[in-house]
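Student: Build me a model from this:
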Amino acid sequence: MTAPVPDAVDELVCSARGCRADATWGVLWNNPRLHTPERRKVWLACDEHREHLRQYLEVRGFLQDVVPVADLERAAP
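Tutor: Sure, this is the predicted structure:
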């Protein structure tokens, strides 16, 4: 089995609706009905929205991890 690898990220802007702050966290998630077990989708979060996005995914059983944005692979330009 392949180890989980987060999707590469592009622009480091918070994923919370209406927020344009710099992202400092990657909230990793997986919807088992849609994604293979090793897939890790990434929502980016600023410090203010980290907990809100984490809780949203955790309640739905999708949360996998929260990591510093520096640990994420960047998408090719």
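
Student: Please enumerate the helices of this protein.
Tutor: With DSSP state H, the ranges of helices along the chain come out as 50-59.

Student: So what touches the worst-scoring helix or strand of it on mean pLDDT?
Tutor: When each helix and strand of the chain is scored by mean pLDDT, DSSP states H and E, strand 5-6 comes last, with a mean of 87. Here strand 5-6 makes contact (Cβ atoms under 8 Å, 6 or more residues apart in numbering) with Gly26, Leu28, Glu38, Arg40, Lys41, Val42, Val67, Leu72, Glu73. From N, CA and C alone the C-beta is placed, and that goes for glycine too.

Student: Pull out the buried residues from the residues you listed.
Tutor: Buried by 16 or more other Cβ atoms under 10 Å: Gly26, Leu28, Arg40, Lys41, Val42, Leu72, out of the contacts of strand 5-6.

Student: For these, could you give me a markdown table that also reports distance to Phe62?
Tutor: Shown next, in a markdown table, are the buried ones among the contacts of strand 5-6 (distance: Cβ to Cβ, whole Å):
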| residue | distance to Phe62 |
| --- | --- |
| Gly26 | 14 |
| Leu28 | 9 |
| Arg40 | 11 |
| Lys41 | 8 |
| Val42 | 12 |
| Leu72 | 18 |
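
Student: ok, which pair from those is furthest apart?
Tutor: Distance extremes for those: the farthest pair is Lys41 and Leu72 at 11.8 Å, using Cβ to Cβ.
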